[in-house]
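Peer 1: the sequence isn't on hand, but the structure is:
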């Protein structure tokens, strides 16, 4: 069974400030806590992190290219992350940034479904997602206290 929320990552260079590693941790937290898409018409929310780097820039910061593939039963969106965000950021700040960006992207995808007249049990989706994001963001704090 596929995860209700998937996260891919495309990096514009060999360095990404640890985002690709953190993406895996965030995915595991989501996989642990988010039980479904909470929408009968959708099997997956597919997010792609586009991380600016030395060789490629993906555009303005934020959520872009929202698409709904009705036949394939998934929604996708790009989360574009400029180099200025990750270049000098601490891990704790990147965790908060990724959690906030993921939350924004899912809210945009849910709004897209609602615009199409498709029902989503938002409270359940957001509750599960927030538990996962909280677990993900607090890992950095716990690691800092154990030093």
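Peer 2: Sure, I can see it. This structure is a prediction, so every number in the text was calculated from the model and none was measured.

Peer 1: measure the residue nearest the centre of the chain to residue 21 for me?
Peer 2: The centre of the chain sits closest to residue 102, judged by CA atoms, centre = their mean, with a distance of 3.3 Å. Applying CB to CB, to the nearest Å, one obtains 16 Å for the distance of residue 102 from residue 21. C-betas here are computed from N, CA, C, even on glycine.

Peer 1: same deal with residue 44?
Peer 2: 23 Å.

Peer 1: quick one: which of these two has more around it?
Peer 2: Legend: neighbour count by other CB atoms under 10 Å for residue 44 and residue 21, higher for residue 44 (18 against 13).

Peer 1: show me the contacts for the more buried one.
Peer 2: Contact partners of residue 44, counting by CB atoms under 8 Å, 6 or more residues apart in numbering, are 2, 3, 4, 5, 6, 37, 73, 74, 75.

Peer 1: next up, phi/psi of the closest residue to residue 15 other than its chain neighbours, please.
Peer 2: In space, and not counting its chain neighbours, residue 15 is closest to residue 53: 6.3 Å by CB to CB, 6 or more residues apart in numbering. In this entry, residue 53 is assigned phi and psi values of phi -150, psi -160 (degrees, to the nearest 10).
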